[in-house]
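> Would you be able to build a 3D model of this:
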Amino acid sequence: MSKILVAYFSASGVTEKVARELAKAEGADLFQICPEAPYTKADLDWRNKQSRSTLEMQDLDCRPAVCGEVRNMKQYDVVFVGFPIWWGREPSVVDTFLTSYDFKGKCIIPFCTSGGRGMGNTDQRIRYLTCANVDEGKRLGGEVSEKELKLWADGLISL
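Model prediction:
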């Protein structure tokens, strides 16, 4: 039986809601990717070219500090990684998480929440950052049921 982790970053609570439902549906452990310095409303103002999130996303090597860590990452075979889409990709704080662990031999399944934008080339980027087996990601709306999540996830992994 595979040991599953759902790791997520949520700026507004939408991704957190989906991650919690997914973890419940799959009987998975849950881990919140928390930036060491929480994002303020001003930090998240994508219209401001000098906002923290805008500056972070312009630098592909940016790795904002995170607090907390996954204990014994080795125990997980499958890691779902959830996040909102920012500037067509995963937020830089998610990159910090992805580059902090050895994902060799693991399957990463990304999912994003977005009002309309898809995953873009996020799967390829995550594969590059982790050298892991990365399944095709999925954009999920904020109103997805536990049943829908289970059908999606069970179609990707065999327990």
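
> how near is the nearest residue to M119 once chain neighbours are set aside to V81?
Excluding its sequence neighbours, the residue lying closest to M119 (Cβ to Cβ, 6 or more residues apart in numbering) is G137, at 4.4 Å. C-beta here means a position set from N, CA and C on the backbone, and glycine is covered the same way. Distance, G137 to V81, by Cβ to Cβ, to the nearest Å: 9 Å.

> Can you check which residues contact both of those two?
Residues touching both G137 and V81 (Cβ atoms under 8 Å, 6 or more residues apart in numbering): I109, P110, F111, I126.

> From what I see, the first one and V79 are in contact.
Yes - using Cβ atoms under 8 Å, I109 is in contact with V79, at 7.3 Å.

> Tell me which of the two has more neighbours.
Each of I109 and V79 has its neighbours counted (other Cβ atoms under 10 Å); V79 has more, 27 against 24.

> Can you tell me which helices and strands the helix or strand harbouring the more buried one packs against?
Assigned by DSSP states H and E, V79 belongs to strand 78-84. On a contact count with 3 or more Cβ pairs under 8 Å, 6 or more residues apart in numbering; DSSP states H and E, strand 78-84 meets strand 4-8, helix 14-26, helix 92-98, strand 107-113.
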